[in-house]
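Peer 1: Quick check, what structure comes out for this input:
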Amino acid sequence: MTKFSWCVPLVLVAVIFRATSSTIIIVGTGPSGIAAATRLLKNNVTDILILEAEDRIGGRINSIEYGSAVIDMGAEWCVGEKGNIVYNLIKDYNVLQHTNAQFRMFYSDGQSVDDGFSKRLFKIIEGIYLAKDNAKQREGITLGEYCINR
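Peer 2: Reported below is the predicted structural model:
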């Protein structure tokens with residue numbers, strides 16, 4: 001039994017018992033689920049059922065007490081400022097730091113990928129995901145298929 005295998009029956013029970021009274025079901029209370037619910041409520045849509053598999057909200061955002069400190073167990077990065085709901089929610093709390101983080105790639109056997117190859121691959125991925133005029137070229141195919149076709 002996996003961690004979330006019990007969630008499927010929960011969703012089915014919720015659908016069976018609430019389908020007649022809930023128009024919209026949101027699965028998960030991570031940032032996307034909360035954002036969806038917030039947008040719906042702001043637009044006067046209140047017939048919502050929100051399902052969560054954990055005993056808390058937040059998805060991967062999970063701060064826990066560790067001794068006398070608080071540590072984050074996930075959501076370490078907030079990437080992008082424009083059109084980013086997470087950035088908009090936290091920007092005024094002075095908790096963000098700009099970084100020039102450098103990433104390294106590794107093969108599954110732990111061997112480091114050549115920096116030149118990593119940079120070329122990153123540029124390709126950046127071009128796929130950031131170029132607006134590229135949306136039609138990548139639609140309906142995996143990243144691997146796109147790279148092979150290039």
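
Peer 1: on contacts alone, who are the packing partners of the longest helix seen in the chain?
Peer 2: When the chain is parsed with DSSP state H, its longest helix is helix 115-130. If you count contacts as 3 or more CB pairs under 8 Å, 6 or more residues apart in numbering; DSSP states H and E, helix 115-130 packs onto helix 143-149. All C-beta spots, glycine's among them, are computed from the backbone N, C-alpha and C.

Peer 1: how about 10 Å then?
Peer 2: helix 135-138, helix 143-149 (3 or more CB pairs under 10 Å, 6 or more residues apart in numbering; DSSP states H and E).

Peer 1: in that helix, what's buried?
Peer 2: Neighbour-count burial for helix 115-130 flags Ile128 (criterion: 16 or more other CB atoms under 10 Å).

Peer 1: what's the least confident stretch among the helices and strands packed on helix 115-130?
Peer 2: The minimum mean pLDDT among the helices and strands packed on helix 115-130 belongs to helix 135-138 (a mean of 58).

Peer 1: isn't Cys78 right up against Tyr93?
Peer 2: No: using CB atoms under 10 Å, Cys78 is not in contact with Tyr93, being 11.3 Å away.

Peer 1: neighbour count winner among the two?
Peer 2: More crowded of Cys78 and Tyr93, by other CB atoms under 10 Å: Cys78, with 15 against 7.

Peer 1: List the contacts of that one.
Peer 2: With contact set as CB atoms under 10 Å, 6 or more residues apart in numbering, Cys78 has these partners: Asn84, Val86, Tyr87, Leu89, Ile90, Lys91, Val95, Leu96, Gln97.

Peer 1: Now with 8 Å, please.
Peer 2: Shown in contact with Cys78 (CB atoms under 8 Å, 6 or more residues apart in numbering): Asn84, Val86, Tyr87, Ile90, Leu96.

Peer 1: Give the helix, strand or coil label for it.
Peer 2: With DSSP: H, G, I helix; E, B strand; the rest coil as the basis, Cys78 sits in coil.

Peer 1: Next one: it from Asn94, what distance?
Peer 2: Separation of Cys78 from Asn94 (CB to CB, to the nearest Å): 13 Å.
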